[in-house]
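K.L.:
Could you work out the structure for the sequence below:
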Amino acid sequence: MQKIGVIIPAYNEALSIKKVINKIPSLADEILVINNGSTDETQIKAISAGATVLNEPRKGYGHACLCGINYFNNLTKPPEIIVFLDGDYSDYPEDLNEIIKPILEDQIDFVVGSRVKSKRERGSMTPQQIFGNELASVLIRILYGGKFSDLGPFRAIKLEVLNKLEMQDKTYGWTVEMQLKILGNKFSYCEVPVRYKKRIGKSKVSGTLVGTVMASIKILGWIFKYYFKNGK
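P.N.:
The predicted structure follows:
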């Protein structure tokens, strides 16, 4: 069985982080919570639930993810598979089994959990999230020939593949950067339909006008920048 490491970026998720950790299947070898400048008890709650906690004071989803990757790369025996999920309990951590199955059984390099309408709770995604995901997916299909339907945060990837992507984004563009580079480097990928529910607490991105606008600009920026950079 391949070793599995889980990375959970978390900013002020004290109300939800224990629920997330406790629902992660036991096949995960290590659960790593990146405390991204929280001012509440996120760190205390995560430690009490049995997770390894690292502090990354530089705000940004990408900063937190890069911190986690660096940690796993420096282990004597790094995990072969890395799983990313959010700390707000909007994902169903139990679906990790389905997320990693294509990697374990079919040697797929990268798997995205797609928050399909039939499996997500009503109101769990804002109208701007739904529109943004659809727009990004259409642009990726037109410009890159990609077959993604979502930029969902719940995803799994082989660590050796992740390292070859040389991820750079420090904030909102992390997920789309990963998907674009998977396509650009011709790694194998697939989507797995996953359940999705209303998060605990208010979203730091889609829950605010500034966050929504900034995320949209960053995502669209990555799509067009990477396209022209690679001479498409």
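
K.L.:
Give me the buried positions along stretch 117-130.
P.N.:
The neighbour-count check on stretch 117-130 (16 or more other C-beta atoms under 10 Å) flags 119-120, 125, 129 as buried. Every C-beta, even on glycine, is put in place using the N, C-alpha and C of the backbone.

K.L.:
Actually, stretch 156-167.
P.N.:
Quick answer for stretch 156-167 (16+ other C-beta under 10 Å): 156-159, 161-162, 165, 167.

K.L.:
could I get those as CSV with distance to Ser90, pLDDT and secondary structure?
P.N.:
Listed next are these as CSV, based on distance: C-beta to C-beta, whole Å; pLDDT from 0 to 100; DSSP: H, G, I helix; E, B strand; the rest coil:
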residue, distance to Ser90, pLDDT, secondary structure
Ala156, 17, 98, strand
Ile157, 20, 98, strand
Lys158, 25, 98, strand
Leu159, 25, 98, helix
Val161, 26, 98, helix
Leu162, 23, 98, helix
Leu165, 25, 98, helix
Met167, 23, 97, coil
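
K.L.:
on that earlier part again, want to try TSV for the buried residues of stretch 117-130, with pLDDT, distance to Lys23 and secondary structure as columns?
P.N.:
Converted to TSV, the buried residues of stretch 117-130 look like this (pLDDT from 0 to 100; distance: C-beta to C-beta, whole Å; DSSP: H, G, I helix; E, B strand; the rest coil):
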residue	pLDDT	distance to Lys23	secondary structure
Lys119	95	16	helix
Arg120	94	17	strand
Met125	90	20	coil
Gln129	85	23	helix
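
K.L.:
tell me the secondary structure for Ser149?
P.N.:
coil (DSSP: H, G, I helix; E, B strand; the rest coil).

K.L.:
ok, now how distant is it from Ile82?
P.N.:
Distance, Ser149 to Ile82, by C-beta to C-beta, to the nearest Å: 22 Å.

K.L.:
What residues sit buried inside the longest helix anywhere in the chain?
P.N.:
Counting by DSSP state H, the longest helix found in the chain is helix 209-229. Buried residues in helix 209-229, counted by 16+ other C-beta under 10 Å: 212, 215-216, 218-220, 222-223, 226-227.

K.L.:
In terms of secondary structure, what does that helix contact?
P.N.:
helix 127-144, helix 174-184 (3 or more C-beta pairs under 8 Å, 6 or more residues apart in numbering; DSSP states H and E).

K.L.:
Quick check: Ser26 is in a strand.
P.N.:
No. Ser26 sits outside any strand when classified using three-state DSSP, being coil.

K.L.:
burial measure for it, as a count.
P.N.:
Residue neighbour count, defined by other C-beta atoms under 10 Å, stands at 5 for Ser26.

K.L.:
From Val6, how far off is it?
P.N.:
Taking C-beta to C-beta, one finds Ser26 at 12 Å from Val6.

K.L.:
Same question for Glu30.
P.N.:
Per C-beta to C-beta, Glu30 is found 7 Å from Val6.

K.L.:
neighbour-wise, which of these two wins?
P.N.:
Neighbours were counted for Glu30 and for Val6 using other C-beta under 10 Å; Val6 has more, 27 against 16.

K.L.:
That one in helix, strand or coil?
P.N.:
Classified using three-state DSSP, Val6 is strand.

K.L.:
So it sits against Ile34, correct?
P.N.:
No. The criterion here is C-beta atoms under 8 Å, and Val6 misses it with Ile34 at 10.9 Å.

K.L.:
Name the residues contacting each of the two.
P.N.:
Taking C-beta atoms under 8 Å, 6 or more residues apart in numbering as the contact rule, Val6 and Ile34 touch no residue in common.
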